[in-house]
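> with the sequence up front, the predicted model follows.
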Amino acid sequence: MSTPGDFKIHATDGEARRATLTTAHGDIQTPIFMPVGTQGTVKSLTPLDLEEMDAQIILGNTYHLYLRPGDDLVARRGGLHKFANWKRPILTDSGGFQVFSLQEIRKLSEEGVEFRSYIDGSKHFFSPEKAIDIQKNLGSDIMMVLDECVGYGADKDYTNKSLEMTTRWAKRCRDHYPKGSGGQIMFGIVQGGFYKDLREKSLEQLREIDFEGFAIGGLSVGESTKEMYDILHHIAPKMPSDKPRYLMGVGTPLDLLEGVSAGVDMFDCVLPSRNARNGTLFTSQGKINIKRAEFAEDDSPLDPECGCYTCRNFTKAYLRHLYMAKELLSYRLNTYHNLYFYLDLMKQIRAAIENGTFAELKAKYEAAYAKG
Ligand SMILES: Nc1nc2cc3nc(NCCc4ccc(CCO)cc4)[nH]c3cc2c(=O)[nH]1
Ligand SMILES: [Zn+2]
């Protein structure tokens, strides 16, 4: 009988790992991409759509669900799985990043963070314990600790003090929900900004705490791709090799391939769903924007190599028309394709690690996406 948090590595190819992570709502095959369902829904898609494209796990958000409809309301309805009718695993972010990135007005102290609701301006306070209680109410399979994600360009002294508080908060989160006290598992979050020594310090402090997995936070915050990859390759291989490694908020198709090559197992990003809504679509030949006039009478599918519902049933001409007409179906068909593309890329990555051809797969996409 496997236990939530069990992590079994089946194959490696360089630093890349092919593994299985056990959660209370089923096993997850990694490397994995997690579609973002901030408010308990992946915008414009149904759970059936997500199951059809083999989404194994989706991401929800403590900050948003706490403010609306309320984590207590969700708990009274049996938790987020029941409320949203999603039977597979859910990971919830702790809200740290959202408070720091969405809120101008907020007060940070050792106790936690005070902020105002973006909905009605009411005042709220997240302590580490409160952030865990909300995730307990939501019933997510993987909980994230409350952390401070320092902004891009934060100086070394501030970054150092911040990571030390994030470690103290991480300990408080773990103590508030000890390992094995329920079916939900908990990940620590490595901070340290763009300072390699501080990244190592954050990791050394966190690995003392018994988390089922570790995330890399503080990236995808406005830095260049080179700066992200530099930190990524420095810290990912140093993270516990027997536990899942999750790179938060990342990224483009090339970022996913780079992350896997550095030893990362889990990813989430709003990019595929958000870009779908502005007509930017990912294909095996690179990125295209469907609103371009050249597609007005193009009767070919979006991506001839894609097996998704959108590519099997509609032409670029029709998808362009829907976009220009601001039809709701444009969101749905574009989102369906982009997420299918990301999930299929991860499926190709898993197979490539199993048969030792990951480098070739990475080179293929680097060529297709070279123009950025
Ligand atoms: N708890 C926690 N959560 C995080 C979430 C993050 N998400 C990101 N980046 C997402 C950035 C991002 C935002 C929007 C778009 C689409 C439009 O361009 C793409 C990426 N970085 C992140 C860092 C943290 C972090 O340290 N701690
Ligand atoms: Zn498609």
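That came through, no problem. Ligands and ions are numbered 1, 2, ... in the order given.
> Gln348: neighbour count?
When neighbours are defined as other CB atoms under 10 Å, Gln348 has 17 of them. (C-beta placed from N, C-alpha, C; glycine too.)
> so what's it closest to, chain neighbours aside?
Leu361 (6.0 Å; CB to CB, 6 or more residues apart in numbering).
> backbone phi and psi for that neighbour, please?
Main-chain dihedrals, Leu361, degrees, to the nearest 10: phi -60, psi -40.
> so is the longest helix along the chain next to ligand 2?
If you go by DSSP state H, the chain has its longest helix at helix 328-354. Yes - using CB under 5 Å from the ion, helix 328-354 reaches ligand 2 at His337.
> give the contact list for Phe341.
Contacts here follow CB atoms under 8 Å, 6 or more residues apart in numbering; on that basis Phe341 touches 253, 272, 281-283, 303, 306, 308.
> quick check: of these, which lies closest to ligand 1?
Of all those, Pro272 has the smallest distance to ligand 1: 9.0 Å, by CB to the nearest ligand atom.
> and the gap between the closest one and Asn278?
12 Å (CB to CB, to the nearest Å).
> what about Pro31, neighbour count?
Applying other CB under 10 Å, we find 27 residues neighbouring Pro31.
> for it, give me its contacts.
Here Pro31 is in contact with 16-18, 256, 260, 264-267, 346, 349-350, 353 (criterion: CB under 8 Å, 6+ apart).
> again, only this time at 6 Å
Contact partners of Pro31, counting by CB atoms under 6 Å, 6 or more residues apart in numbering, are 260, 265, 346, 349.
> kindly state the beta-bridge partners for the closest residue to the second one other than its chain neighbours.
Okay, so that is Asp265. Spatial nearest neighbour of Asp265, chain neighbours left out: Thr30 (4.1 Å); criterion: CB to CB, 6+ apart. Judged by DSSP bridges, the bridge partners of Thr30 are Ala19.
> wait, what's in contact with Thr30?
Contacts of Thr30 (CB under 6 Å, 6+ apart): 19, 21, 265.
> let's see if you can find the most crowded of those residues.
Leu21 (29 neighbours).
> related to what we said a few turns ago, would you turn the contacts of Phe341 into CSV with pLDDT?
Converted to CSV, the contacts of Phe341 look like this (pLDDT from 0 to 100):
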residue, pLDDT
Pro253, 98
Pro272, 98
Leu281, 98
Phe282, 98
Thr283, 97
Asp303, 97
Cys306, 98
Cys308, 98
